[in-house]
Each structure stands twice: as structure tokens, then as C-alpha cells.
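Asker: Make a model of this:
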Amino acid sequence: MELTLLADAFYFLLLVAPFAFAYWIIGLLWDYIREYYWLQWYFGNNYITLEIKLPKEQLKTPLAMELVFNALWEPGDSNGWKETWLNLNTLPITSFEVASIGGSIHFFFWVPDKFKPRVESHIYAQFPQAEVIEIPDYTRMIDFNMDTHKIMGFDYSLTSDDPIPIRTYKMLGLDKTAKEEEKIDPITQTIEVMASIGPNENMWWQVVTRPHKTKYKKSLTTKERIKKAWNDTNPLQLFYDEYKNWDLKVAEVVDKIYEKYEPKDEEAKKKFNRSSVILTPQDNDLVKMVTENASRIGYEVGMRTIYFARKEHFDGRQPANMGSMFKAYGGGTPYNNFKPAFVAAANDKWWEPGHAKSVDEIKKLMYPDYAGRRYFNMHGTVGHGFYKNQYKQFVLSTEELATLYHFPGSVSQTPTFERIGSATAEAPANLPIGAAPGNLPM
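Answerer: Here you go, the predicted model:
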């Protein structure tokens, strides 16, 4: 009897194995096809780097930067045949960056060249005394080499669900005119940490963004993909994850809040009515914050920082400082906040091209990932091509994004802050220039 069962099981495996192998091969080839078309679109965009030089007196509130982000939000053309049939995401990618080069602070926008007139017009509209200068990409001006340099970096994710906002500039009262010395601006802490490095060190921060179009990605298990493909009578669904409406994500957060007030008795649950619930002031404020935050224009965001220097100048204390420099954006419960994580988890999936097996291999990717502004790929997930980590991008409203990234006022007294009055060179004057690494991606 046992031999018969084993023989049947073996026969079943032999029968199923070719189909399983075919499923794996087709899925891999499908990903390569989609990757080809996505890279064709990606490299077809000509990106430029713009440095924003600020006046010595910058008195505008973060509202000015929110208006800039609102103006730069562009849905793009995501309804072509490639986007529909290959399930590609071709929304425009931009990156808002701060680079501390030897302790000198610089603000950069990395955008498609077609965005340059728009960036200039809206920056000058909100910051008339600023200067917008197109420069060579500063990441290509350093001869970075793992044999001579040490590097550490972090990706950042949110501590709670996306719809729950961080403590925004309006909540901090930064939308109101006040004396500079009375302002409490969280970006000041970030700038001060970045400016504290030595003259031979670099600490860079980038916020890679893409317009958010009311949907978020949910990764599906193989079982869920098969069920979805069967229900939709579409075998291609076997290779896709699921995209849900953003309103459902907001509803999930609100549901979690009300679940605390539901009676445990099954009969009482049937009669439970949310309209009769009296929320605590904290929960009531949270529901209001979530719904208001979700009603604004949003960006999908991938955020990372890197710190590097030649081995003889690398300061082992700086990575810890870098990991904690965004804590000021939170305010405890119920606000969201940013948490650092090692840039990527070791990926032992040998069948995925570009897999990383060790921390050292991952560190080798940190600089190219930053220089390539790698975060969003054809799937809309973290990573570029087949290199992915376990941290997903998150969604920030323009109010949150403007809180995170804006030009600080005179409250930031950092002596190395680059403001107008210094020479406007083609590239930051203290940038250590060398041959651009040949293996850097776009």
C-alpha cells in the first residue's frame, strides 16, 4: 500500500514538473520582456541635475514648496498599449536631493529635461531671489571605488500605514508667519547632521518620487495569483501583483480604528453602528487627519541616504547619526514617522539575476543605486530590474512631502550652508572630481 502511494506521488510529480518548470520559465521571460520595454522608456528620458541656490534670507514657509510639488505633479501617459498589456508603470520619476559635500550643503533637483522650464518658473515664482543652475550630475563627478572607499546607507520606510500622516508643517505652525528664532523646523536637524561631517566625507540624501494615481500595490502569493487568473479568465494574471484603489487603503486604516469599539459578542456585532460610536479625542483626530491627508495630491516616495569617504577618512559614528536624522518629523502617537533600515536584505534567490548574497555585495550596490536614482522599476516596486529589497515605497501627500523636503529659512544657521553670495560655478566647488565610474547606471 505504501509503495503504491509513493509510486502515485512520484508519478504525480513527474506529471506536474514540466508544467511547473514551464510556468517558471514563462514568468522569467515575461519579466525580461517587460524589463526591456521599461528600460527603453526609462533611458529614453533625458535627465538633468538642477542646483537650487538660496538667498541669505529665506523667509518663505513650506507652503511655497508644496505649491512647487503640486505644479510638478504630472500623471504622464500611462494608458498606452505597453502600459495596458505589459502592466508597466511609466509615470515620470523625479528626485529631490540634499548633498553634504565635505560639510557644504547643496540642494538638487534631478528631473527630466522637459521639466526644466517648469521647475525654473515655479521656483522663481515662490523664491524670487533663488537661482536655478543646471550642472553636471554631481554623482558622476566622484571616482568612487570600493577598494579605496567605505560606504554605508539606509532606505527609509514609514512606521505606520501610509494614510496616517507625519507631523506636517501645518501641524507645527510653520504655515504661519513667525520670528525665525521661534520656528521649530524638523529639517533643521537633518541639515545640521549632514553639515557635521568632515571635509573629506560625503553624506547624501535623496527623495525619489513618482506621481501617485490613487492605487497601491499588493503583492500576491502564487495561490492568490492562480485564483485571480481563474476568476478573471486571464492567464497573464499569473505574473501580476494586484493594484487596489487607494480609497480602500484609507478605509482599512479607518476600519482598524473602529474595530477597537466593536463589541465582542457576535449578536451585538450585528447591531453595531459606527454612527453611534463616540471616539476618543485622539481617535477622532486620527480619522480626520487620515481622510484629509488622503484627499490631497500624493507622490509615491522612495527615500535613501548614503555616507561614504575614502577609507582613511571614514568616520564610523556618522552612519548612526544619519539613521536618526529624521526623527524630528514624527511626534509620537498618532503621527507617522520614518524609520531607517539597512539598504537591502541579502537576497539568496539564486535564480534572480543580480541577486545579492552578502552584505559586502549589497554595499557595492549602494553608490550605483543612488547615482541611478534606482527605486521604482517596471513593477512599481522598490529596486531596479531584478534587484529589489524588502522595503516598499510609500505614499506622501504634497503637504507631507513639503514638510520633509523644503528650503529652510534663516533658522538654519549652518555655517556651510550654500546660499547666494558664493560663486556660482558649473558644479560644487569642493566636489572631488575624478573619472566617472564606467559601470554607473543611468
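Asker: Direction included, what does whichever strand in the chain runs longest pair against?
Answerer: Ranked by residue count, the top strand of the chain under DSSP state E comes out as strand 298-310. According to DSSP bridges, strand 298-310 forms sheet pairs with strand 149-158 (antiparallel), strand 201-211 (antiparallel), strand 394-397 (antiparallel).
Asker: Off-centre distance for that strand?
Answerer: Chain-centre distance of strand 298-310: 8 Å, with C-alpha atoms, centre = their mean, to the nearest Å.
Asker: I'd like to know which of the strands paired with strand 298-310 is closest to Phe43.
Answerer: Checking those against Phe43 by C-beta to C-beta gives strand 201-211 as the closest, at 16.5 Å. Every residue, glycine included, has its C-beta placed from N, CA and C.
Asker: Convert the C-alpha atoms of stretch 114-123 to PDB, please.
Answerer: Presented in PDB, the C-alpha positions along stretch 114-123 are these (Å, rounded to 0.1, in the frame of the first residue of the first chain):
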ATOM      1  CA  LYS A 114      11.400  68.800 -20.200                       C
ATOM      2  CA  PHE A 115      10.700  69.700 -16.600                       C
ATOM      3  CA  LYS A 116      13.400  72.400 -16.500                       C
ATOM      4  CA  PRO A 117      11.200  75.400 -17.600                       C
ATOM      5  CA  ARG A 118       8.500  74.300 -15.200                       C
ATOM      6  CA  VAL A 119      11.000  74.000 -12.300                       C
ATOM      7  CA  GLU A 120      12.500  77.300 -13.000                       C
ATOM      8  CA  SER A 121       9.200  79.100 -13.400                       C
ATOM      9  CA  HIS A 122       7.800  77.700 -10.100                       C
ATOM     10  CA  ILE A 123      10.900  78.100  -8.100                       C
END
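Asker: buried sites along that stretch?
Answerer: Buried residues in stretch 114-123, counted by 16 or more other C-beta atoms under 10 Å: Phe115, Val119, His122, Ile123.
Asker: what does that stretch contact?
Answerer: 48, 50, 52, 67-68, 71-72, 92, 94, 109, 111, 130, 132, 134 (C-beta atoms under 8 Å, 6 or more residues apart in numbering).
Asker: want to throw these into JSON lines with secondary structure, neighbour count and pLDDT?
Answerer: Listed next are the contacts of stretch 114-123 as JSON lines, based on DSSP: H, G, I helix; E, B strand; the rest coil; neighbours: other C-beta atoms under 10 Å; pLDDT from 0 to 100:
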{"residue": "Ile48", "secondary structure": "strand", "neighbour count": "17", "pLDDT": "95"}
{"residue": "Leu50", "secondary structure": "strand", "neighbour count": "19", "pLDDT": "97"}
{"residue": "Ile52", "secondary structure": "strand", "neighbour count": "18", "pLDDT": "95"}
{"residue": "Leu67", "secondary structure": "helix", "neighbour count": "16", "pLDDT": "94"}
{"residue": "Val68", "secondary structure": "helix", "neighbour count": "23", "pLDDT": "95"}
{"residue": "Ala71", "secondary structure": "helix", "neighbour count": "16", "pLDDT": "91"}
{"residue": "Leu72", "secondary structure": "helix", "neighbour count": "20", "pLDDT": "92"}
{"residue": "Pro92", "secondary structure": "coil", "neighbour count": "18", "pLDDT": "84"}
{"residue": "Thr94", "secondary structure": "strand", "neighbour count": "22", "pLDDT": "93"}
{"residue": "Phe109", "secondary structure": "strand", "neighbour count": "21", "pLDDT": "97"}
{"residue": "Val111", "secondary structure": "strand", "neighbour count": "21", "pLDDT": "94"}
{"residue": "Ala130", "secondary structure": "coil", "neighbour count": "19", "pLDDT": "92"}
{"residue": "Val132", "secondary structure": "strand", "neighbour count": "17", "pLDDT": "95"}
{"residue": "Glu134", "secondary structure": "strand", "neighbour count": "14", "pLDDT": "96"}
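Asker: Kind regards, and thank you for your time.
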